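Q: Return atomic coordinates for the entry below.
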Amino acid sequence: MKPSILRSVHSALTRGSSQISRRGYGSEAVPERKVAILGAAGGIGQPLSLLMKLNPLVSNLALYDLAATPGVAADVSHINTRSEVAGYQGEEELGKALEGSDVVIIPAGVPRKPGMTRDDLFNINAGIVKNLCTAIAKYCPNALVNMISNPVNSTVPIAAEVFKKAGTYNEKRLFGVTTLDVVRAKTFYAGKAKVPVAEVIVPVVGGHAGITILPLFSQATPNGNLTEEYIKALTKRTQDGGTEVVEAKAGKGSATLSMAYAGAIFADACLKGLNGVPDVVECSFVQSSVTELPFFASKVRLGKNGVEEVLGLGPLSDFEKQGLESLKPELQSSIEKGIKFANQS
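A: Sure, this is the predicted structure:
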């Protein structure tokens, strides 16, 4: 009997070091978990909704947006996988979407367009994030919050300030999703090093915009013995990956499909951590003491409490040390901008 298309999709998703699967549970029952996606009808939200519907760790999938959610929910709900799907539309239904959520993923906001920097997105997306996080604090204060909305370097600090004001802040449960930087770094490195991409591991630290993205190719495995010239070029391409997609789409969108995939990978890691699967490690932008900056992306061990451990940077090459010092002022500025916005009015 030939494998179904669904099985083939699952197989494709479960290859590599990060897996969307039930692995680690043996014959035990998989716990009931509710995932809410805020911005589910958007360019990232729709493919992300599909990927989370395919995840066997999700038992309840709540899709929320200001408009068009019923159609997305109906479409996705016809897929014959474990989770039950419900669509919620408009601010009056946001609370229902959030109640009982274990993981909340936020791709809501406007996409980047040609010539637009992540900074240009700030005023629009910052307001959206502030409102959504106010609702999260009220309806599911213990959920793991996965922030995709850009600029992540600012929206994560905004969320933290909102939660602090509400008295619900737990630094172990707030994540900036930087997984797309890791996905790109792995893909670009594998292409140059001529190694199987599924075997590649590349930590990416710093932030989630331009020069604040610092892939640590010196720690990449398997070792591709790439020249410094190649390493610099791969670093630049990883930093400019979003712009590469925006320009290729010629004004008709940004990185939606790859971002949805990356978001699904990270949400899966969070669910595995909550369910007690050991040794779940992903890079994420979190509250951190790894550097003098209050938030910093680095390797994070995930568990039942969310962040179980923020891992150190490890040995850096001279090029990476220089990149680390160069990114700090810009990242600090973005963090402060988010904090300032959150504390206005």
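Q: and the helix or strand encompassing Glu161, how far from the chain's centre?
A: Secondary structure assigned from DSSP states H and E places Glu161 in helix 152-166. Distance of helix 152-166 from the chain centroid (Cα atoms, centre = their mean, to the nearest Å) equals 16 Å.
Q: tell me the domain boundaries of this structure?
A: Taking automatic domain parsing as the criterion, the chain consists of the domains 29-176, 179-343.
Q: Any idea how far apart the tips of the shortest one sit?
A: With Cα to Cα, to the nearest Å as the measure, domain 29-176 spans 30 Å from end to end.
Q: and the helix ranked longest in the chain, what does it pack onto?
A: In terms of residue count, the longest helix belonging to the chain (DSSP state H) is helix 318-343. Judged by 3 or more Cβ pairs under 8 Å, 6 or more residues apart in numbering; DSSP states H and E, helix 318-343 is in contact with helix 122-139, helix 152-166, strand 204-206, strand 213-215, helix 228-239, strand 295-303. (Each C-beta comes from the backbone N, C-alpha and C, glycine too.)
Q: For those, give me CSV that also has mean pLDDT, mean neighbour count and distance to Val85.
A: Output for the helices and strands packed on helix 318-343, formatted as CSV (pLDDT from 0 to 100; neighbours: other Cβ atoms under 10 Å; distance: least, Cβ to Cβ, whole Å):
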stretch, mean pLDDT, mean neighbour count, distance to Val85
helix 122-139, 95, 19, 19
helix 152-166, 97, 24, 25
strand 204-206, 98, 29, 32
strand 213-215, 98, 28, 34
helix 228-239, 97, 17, 34
strand 295-303, 98, 23, 25
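Q: Compare those and give me the one nearest Gly87.
A: The closest of these to Gly87 is helix 122-139. By Cβ to Cβ, the value is 16.6 Å.
Q: Partner strands of the helix or strand following that closest one, with direction?
A: Moving toward the C-terminus from helix 122-139, the next helix or strand (DSSP H and E) is strand 144-147. Each strand paired with strand 144-147, and its direction, by DSSP bridges: strand 103-106 (parallel), strand 174-176 (parallel).
Q: quick one: contacts for Tyr88?
A: Taking Cβ atoms under 8 Å, 6 or more residues apart in numbering as the definition of contact, the neighbours of Tyr88 are Ala62, Leu63, Tyr64, Thr69, Leu94, Lys96, Ala97.
Q: Check which helix or strand the last one maps to.
A: In this case it means Ala97. Once you assign secondary structure using DSSP H and E, Ala97 falls within helix 94-98.
Q: got the end-to-end distance for stretch 196-209?
A: Where stretch 196-209 begins and where it ends lie 27 Å apart, using Cα to Cα.
Q: cool, and stretch 210-230?
A: When the termini of stretch 210-230 are compared using Cα to Cα, they are 18 Å apart.
Q: Now the longest helix of the chain: buried residues?
A: Judged by neighbour count using 16 or more other Cβ atoms under 10 Å, the buried positions of helix 318-343 are 320, 323-324, 327-328, 330-332, 334-335, 337-339, 341-342.
Q: Give me the distance between the closest residue in space to Ala166 that isn't next to it in sequence and Arg173.
A: Sequence neighbours aside, Ala137 is the residue nearest to Ala166 in space, at 3.6 Å (criterion: Cβ to Cβ, 6 or more residues apart in numbering). Computed as Cβ to Cβ, to the nearest Å, the Ala137 to Arg173 distance reads 11 Å.
Q: Great, nothing more from me.
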